[in-house]
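Undergrad: Quick check, what structure comes out for this input:
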Amino acid sequence: MAQRTGSANLPLHTGRVPPWLAQRMTRLGAVISQAIIHHYGRDELLRRLAHPFWFQSFGAVMGMDWHSSGITTSVLGALKRGLQPLSGELGLHVCGGRGRHSRLTPHELLAIGDRVGLDGEALARSSRLVAKVDSAAVQDGYDLYLHGFIVADDGKWVVVQQGMNGENRQARRYHWLSEGLTSFVDRPHAAIEGREEGEIVNLTDHRAEASRLGQLDLLQSLGPDGITGELAKLGEGTRVSVPPPQQQLALPHLDMPGHHDVRPEDVNLRRLHGNLAAAADRGPSDFAGLLLVPGVGARTVKALAMVSEVIHGAPYRFADPARFSLAHGGKDRHPFPVPIRVYDETIGVLKSAVQQAKLGRDEELGAIRRLDEQARRLERRARGPGVEELIAKERLMSPAYGGRSVFGEEKPSPDDDN
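TA: Residues are numbered from 1 along each chain as shown. The predicted structure follows:
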């Protein structure tokens, strides 16, 4: 059973993720996934991936451009690379991708079905139907070019796919989850919405049942040639009575801005101050034995506070994905270059915590969880610098943190030598 769980409008960006970031995204995405499964189970990870706000925040905390369409491709690619070696342990398999990789999804699902004992044919059919619904039954001006299908050993799955509208330079991401479906063609979407760009044809809305039945009746009674003739009459000016349009259902939707820089209005400052205050409060006691890199430890705890929220936070807390870009920056230098040393330390701490948890020792993962708990306690009264001030400080410190972007490594200012 499945339903559409959300959608997102994103500025259309081109370009590739540099290898130095792709490798780190692979490692961080895998270890965050492991932590979520350890705490909440595999089903919860699927639910998170089906949530458009969480998915965007997940990509932002991994150093991708916080608002762009590239998050979809890069996150799915990172999970496909990172979870493949863990598929036997976690029972999760990531299929599909962009372009030709999306068309290989049914073949991958058949192979996985044979390997783990699932009905690969049924999974492949679901993959094709989901793609058809978002490309044909819902005609919103976006042409699908990416299809990712993540399936568990018990047959539960999530689909993340993306379409492109070249005229307005926008991408739209669609999320599906295998819970709650009674029909692929009658209200399978739990969420679908977009900017006002003209009329949207949604034949999957339950109010369109009469239209679907009427189309089948026309096809059976008139045949294709007869339908073509009726359409010609409409073109000659035949008056057709059209009922007044009904308002579409209000559904969860993420709409990212066109600007690349992170602005104060993009960030919930109260929650950001809670993250920073939690790092200052819990860091010295919980992480003294883990963070051994001089000058980087305190900064890494700040990043871990935001990673902890990605692992433990409730859905309502991800309405401002830009906030999570303040953990590890962005590859295009927005909000600041990726702090490589901080990023690697974050991965190291999380990896150690997950490995210890596998041995029954949850102290390290517990310390990370306390960062999120403390942030929620402190955010009502915490105070701190503004977003612009924080970004300026990060840019100033970037060379010391091994800052890097697609433009190269950050160099110290000449004034730093004085």
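Undergrad: low-confidence ranges in the chain?
TA: 1-3, 137-139, 180-252, 288-296, 415-418 (pLDDT under 70).
Undergrad: any chance you could map the strands in it?
TA: Secondary structure of the chain (DSSP state E): strands at 3-11, 92-98, 138-139, 143-152, 157-165, 170-177, 201-202, 253-255, 338-339, 403-405, 408-409.
Undergrad: Dump the ones you listed into a markdown table; add mean neighbour count and distance to Ala314 as well.
TA: (Glycine included, C-beta is placed from N, CA and C.) Formatted as a markdown table, these follow (neighbours: other CB atoms under 10 Å; distance: least, CB to CB, whole Å):
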| stretch | mean neighbour count | distance to Ala314 |
| --- | --- | --- |
| strand 3-11 | 24 | 15 |
| strand 92-98 | 22 | 23 |
| strand 138-139 | 18 | 29 |
| strand 143-152 | 22 | 22 |
| strand 157-165 | 24 | 19 |
| strand 170-177 | 26 | 17 |
| strand 201-202 | 16 | 30 |
| strand 253-255 | 19 | 16 |
| strand 338-339 | 28 | 27 |
| strand 403-405 | 22 | 32 |
| strand 408-409 | 11 | 38 |
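Undergrad: Tabulate those strands in TSV, adding columns for distance to Glu388.
TA: As requested, the strands of the chain are exported to TSV (distance: least, CB to CB, whole Å):
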stretch	distance to Glu388
strand 3-11	21
strand 92-98	35
strand 138-139	40
strand 143-152	34
strand 157-165	31
strand 170-177	27
strand 201-202	41
strand 253-255	23
strand 338-339	18
strand 403-405	18
strand 408-409	24
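Undergrad: Out of these, the one nearest Glu379 is which?
TA: strand 253-255 (21.8 Å; CB to CB).
Undergrad: Does Thr300 touch Ile347 like I think?
TA: No - the pair Thr300 / Ile347 is not scored as a contact, 10.1 Å apart, by CB atoms under 8 Å.
Undergrad: Between the two, which is the more surrounded one?
TA: A count of neighbours by other CB atoms under 10 Å puts Thr300 above the other of Thr300 and Ile347, at 27 against 18.
Undergrad: I'd like to know how far the more buried one sits from Leu350.
TA: Distance of Thr300 to Leu350, computed by CB to CB, to the nearest Å: 11 Å.
Undergrad: Was I right to think Asp372 contacts Ile311?
TA: Yes - between Asp372 and Ile311 a contact is recorded at 7.2 Å, counting by CB under 8 Å.
Undergrad: before we move on, the earlier item: can you check which of the strands of the chain gets nearest to Trp20?
TA: Nearest of those (CB to CB): strand 403-405, 6.7 Å.
Undergrad: Now find how far off-centre the closest one is within its chain.
TA: 23 Å (CA atoms, centre = their mean, to the nearest Å).
Undergrad: In contact with Glu121, which residues?
TA: By CB atoms under 8 Å, 6 or more residues apart in numbering, Glu121 lies in contact with Leu110, Gly113.
Undergrad: ok, now which ones touch Gln162?
TA: Taking CB under 8 Å, 6+ apart as the criterion, Gln162 is in contact with Ser69, Thr72, Thr73, Leu144, Tyr145, Leu146, Ala171, Arg172, Arg173, Tyr174.
Undergrad: Run through the bridge partners of the residue lying closest to it once chain neighbours are set aside.
TA: The shortest distance from Gln162 to any non-neighbouring residue, by CB to CB, 6 or more residues apart in numbering, is to Leu146 (4.2 Å). In this entry, Leu146 is beta-bridged to Arg98, Gln162, by DSSP bridges.
Undergrad: how near is the most centrally placed residue in the chain to Ile37?
TA: Geometric centre of the chain, nearest residue: Phe55, 2.2 Å, by CA atoms, centre = their mean. Distance, Phe55 to Ile37, by CB to CB: 17 Å.
Undergrad: now do Asp362
TA: 14 Å.
Undergrad: neighbour count winner among those two?
TA: Neighbours were counted for Asp362 and for Ile37 using other CB under 10 Å; Ile37 has more, 20 against 15.
Undergrad: Next, the contact list for the more buried one, please.
TA: So Ile37 contacts Glu44, Leu45, Leu90 (CB under 8 Å, 6+ apart).
Undergrad: again with Tyr343
TA: Residues near Tyr343 by CB under 8 Å, 6+ apart: Arg24, Leu28, Gly63, Ala303, His328.
Undergrad: mind redoing it with 10 Å?
TA: 20-21, 24-25, 27-28, 62-63, 300, 303, 327-329, 401-402, 404 (CB atoms under 10 Å, 6 or more residues apart in numbering).
Undergrad: Mark which of these are part of helices, please.
TA: Residues of the contacts of Tyr343 located in helices (DSSP state H): Trp20, Leu21, Arg24, Met25, Arg27, Leu28, Thr300, Ala303, Ala327, His328.
Undergrad: buried subset of these?
TA: Leu21, Arg24, Met25, Arg27, Leu28, Thr300, Ala303, Ala327, His328 (16 or more other CB atoms under 10 Å).
Undergrad: The fourth one: what's its closest spatial neighbour, skipping adjacent residues?
TA: When you say that, I think you mean Arg27. Using CB to CB, 6+ apart, the nearest residue to Arg27 is Ile347, at 5.1 Å.
Undergrad: My read is that the one you found contacts Leu28, right?
TA: Yes - assessed by CB atoms under 10 Å, Ile347 is found in contact with Leu28 at 5.4 Å.
Undergrad: quick one: common contacting residues for those two?
TA: Common contacts of Ile347 and Leu28 (CB under 10 Å, 6+ apart): Val307.
Undergrad: Between its first and last residues, how far does stretch 390-407 reach?
TA: The straight-line separation of the ends of stretch 390-407 (CA to CA, to the nearest Å) is 22 Å.
Undergrad: same thing with stretch 134-150?
TA: Start-to-end, stretch 134-150 (CA to CA) is 17 Å.
Undergrad: picking up where we left off before, touching both of Thr300 and Leu350, which residues are there?
TA: Val307.
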